[in-house]
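Asker: Following is a predicted model, sequence given first.
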Amino acid sequence: MRLLGILLVAFGIVVLAYGGISYTKSRHSTDIGPIQVSTAKKGFITPAVGAVAVVVGVVLLVAGRREPL
């Protein structure tokens with residue numbers, strides 16, 4: 001649980017530092033003879049997602065430090 005919390009905090013800080021992260025995902029690829037047709041989907045991870053990741057990561061880190069009852 002601690003490792004996941006650390007990863008979420010790191011991811012959130014990176015997203016916040018860059019002001020969001022854009023990415024491109026290849027979706028379909030078709031070969032029609034010598035012609036190749038492909039499509040790509042563009043996406044954007046907003047800074048709000050980064051902030052949520054930091055908060056959830058901190059909660060996981062704090063919960064991991066608590067001793068079980």
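Answerer: That came through, no problem. Note that the structure is predicted; figures quoted are calculated from it, not measured.

Asker: Can you point out the buried residues in the helix ranked longest in the chain?
Answerer: Secondary structure of the chain per DSSP state H: the longest helix is helix 47-65. Residues of helix 47-65 classed as buried: 49-50, 53-54, 57, 60-61 (neighbour count, 16 or more other Cβ atoms under 10 Å). Heads up, the C-betas are built off the backbone N, CA and C, glycines and all.

Asker: Which secondary structure element of the protein has the lowest mean pLDDT?
Answerer: Across the helices and strands of the chain, the lowest-confidence element by mean pLDDT, DSSP states H and E is strand 21-32, at a mean of 86.

Asker: How about Asp31, nearest residue that isn't a chain neighbour?
Answerer: Distances taken as Cβ to Cβ, 6 or more residues apart in numbering place Val37 nearest to Asp31, at 7.9 Å, with adjacent residues excluded.

Asker: That neighbour belongs to a helix, doesn't it?
Answerer: No. Looking at Val37 with DSSP: H, G, I helix; E, B strand; the rest coil, it is strand, so not inside a helix.

Asker: got any ranges where this protein has weak pLDDT?
Answerer: 67-69 (pLDDT under 70).

Asker: Can you list phi and psi of the residue sitting furthest away from the middle of the chain for me?
Answerer: In the chain, the residue that sits farthest from the middle, by Cα atoms, centre = their mean, is Gly33; the gap is 37.2 Å. Dihedral pair for Gly33: phi 60, psi -130, per degrees, to the nearest 10.
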